[in-house]
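Q: please find the sequence and the predicted model below.
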Amino acid sequence: MHWTAPSGGSAPSDYVVDAAVSSSFSPVLVGPLAVGSATSTALTAPPGTLGTFYLRVAGRNASGTGAPSNIVSVTF
């Protein structure tokens, strides 16, 4: 998974990812999962889990967590 750093506001110190089986993110399956300050991460499905998952990323810093990105779907 790869994303672009936001261009406005305070720079994120790191990023968090949410994963869900529904595009409404209700319920959130995993998250917020801290993935560090890089603008990419490798994610894998839990063993034996197949299907479509929905992902979004948000930056965070001392001021809090920003708005989430657009949602992407991946199928394992």
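A: Great, that's in hand.
Q: please, which helix or strand holds residue 33?
A: Assessed by DSSP states H and E, residue 33 sits inside strand 28-36.
Q: any low-confidence regions in this protein?
A: Across the chain, nothing is flagged by pLDDT under 70.
Q: which of the residues in the strand holding residue 33 are buried?
A: Counting neighbours by 16 or more other Cβ atoms under 10 Å, one finds that the buried residues in strand 28-36 are 28, 31-32, 35. The way it works is simple: take the backbone N, C-alpha and C, and place the C-beta from them, glycine included.
Q: JSON lines for these, including distance to residue 10?
A: Below are the buried residues of strand 28-36 laid out as JSON lines (distance: Cβ to Cβ, whole Å):
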{"residue": "28", "distance to residue 10": "25"}
{"residue": "31", "distance to residue 10": "22"}
{"residue": "32", "distance to residue 10": "18"}
{"residue": "35", "distance to residue 10": "19"}
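Q: of the residues you listed, which is the nearest to residue 6?
A: residue 35 (15.4 Å; Cβ to Cβ).
Q: what's the distance between the closest one and residue 16?
A: Distance, residue 35 to residue 16, by Cβ to Cβ, to the nearest Å: 7 Å.
Q: report back the residue of the protein that's furthest from centre.
A: In the chain, counting by Cα atoms, centre = their mean, residue 48 sits farthest out from the average C-alpha position, at 21.5 Å.
Q: need the three-state assignment for that residue.
A: Here residue 48 is recorded as coil under DSSP: H, G, I helix; E, B strand; the rest coil.
Q: look up how far residue 76 lies from it.
A: Distance from residue 48 to residue 76, by Cβ to Cβ: 10 Å.
Q: repeat for residue 67
A: Going from residue 67 to residue 76 by Cβ to Cβ gives 27 Å.
Q: no further queries at this time; thank you.
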